[in-house]
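Visitor: This is a predicted model, with the sequence first.
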Amino acid sequence: MNYIVVDTYEELGKKASNIIASQVIMKPNCVLGLATGSTPLGTYKYLAEMCAAGELDFSGVTSVNLDEYAGLDGSHEQSYRYFMDTNLFSKINIDRDKTFVPSGIAEDLEKEGQEYDRLIEGLGGIDLQLLGIGVDGHIGFNEPDSVFTAETHAVELDESTIEANARFFSSKDEVPRWAITMGMKSIIQAKKILLIANGQNKKAILEKAFNGPVDPMVPASILQLHPDVTVIFSEN
Ligand code: PGA
């Protein structure tokens, strides 16, 4: 594993965007696995800048996002589809028809999960998966559990996740209790993994995830089994 510690959030964003840019340059028709949250915002800003400067071409790229809140339509400002459209897709020359986010309003989320897995399989898997990490060790919305779940599935969010994400909603009660998340199979089968984390509150969970035992109660610990993981951490 390549574990990089940087001093600032800007540096984290620059390094992460350079890694994603290299992937796009080396394989213009690659499949990028993308993530939401506060951490990737800087990374997406730099990617948008590179694209605007004509240094990067996303026209051949397909993207698959990790997760979505259950019950939120893509037009809802806190939906992850909306986040991606606003913070990245509208700022780069990706074909919007080749951007995929699981649907949180599908009538049957399990069926939606199966279809999402088939979609990823049909694309030939993910070339580079970008991940954040939750304070509880989640990746995507794979919350601590007694087992690792392979398939894309509906998940009840942990209290700590709801609390962490309440900052984006007008009150904690408005945070959806359920979500749909890509499962561990598609994540672990990605050819490359790039995990980014920012802030002192992520230090302890990173230590557990990468230096502790592989344990479904610390979902990110499964990444220890992946042959090509880069972690970039900025404490500030
Ligand atoms: P954050 O979220 O980037 O907003 O800290 C990370 C995550 O929950 O995966």
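Guide: Perfect, thanks for sending it.
Visitor: Any idea how many residues pack against E143?
Guide: E143 has 22 neighbours, counted by other CB atoms under 10 Å. Any C-beta I mention is one placed from the backbone N, CA and C, and that applies to glycine too.
Visitor: And it, how close does it get to D127?
Guide: To D127, E143 is 26 Å away according to CB to CB, to the nearest Å.
Visitor: Find the residue at the geometric middle of the chain.
Guide: With distances taken as CA atoms, centre = their mean, A35 lies nearest the centre of the chain, 2.4 Å away.
Visitor: That one against L66, yeah?
Guide: Yes. Look at A35 against L66 with CB atoms under 8 Å: they come within range, at 5.4 Å.
Visitor: which residues do the two both contact?
Guide: Common neighbours of A35 and L66, counting by CB atoms under 8 Å, 6 or more residues apart in numbering, are L131, G140.
Visitor: Next, the contact list for Y44, please.
Guide: S17, N87, L88, K91.
Visitor: Please report how far the second one lies from L223.
Guide: N87 is 24 Å from L223, where distance means CB to CB.
Visitor: More neighbours: those two, which one.
Guide: Ranked by neighbour count (other CB under 10 Å), N87 and L223 place L223 first, with 22 against 17.
Visitor: how about that one, what does it touch?
Guide: M1, L131, I139, I188, I193, L195, A209, F210, V229.
Visitor: quick one, longest helix in this structure?
Guide: Longest helix of the chain, by residue count under DSSP state H: helix 9-26.
Visitor: Who are the packing partners of that helix?
Guide: Packing contacts for helix 9-26, counted by 3 or more CB pairs under 8 Å, 6 or more residues apart in numbering; DSSP states H and E, involve strand 2-6, strand 31-34, helix 40-52, strand 128-131, strand 192-198, strand 229-234.
Visitor: give me the number of residues near L119?
Guide: Neighbour count for L119, taken as other CB under 10 Å: 15.
Visitor: Not including adjacent chain positions, what is the nearest residue to it?
Guide: The spatial neighbour of L119 that comes closest, neighbours along the chain excluded (CB to CB, 6 or more residues apart in numbering), is F100 at 6.3 Å.
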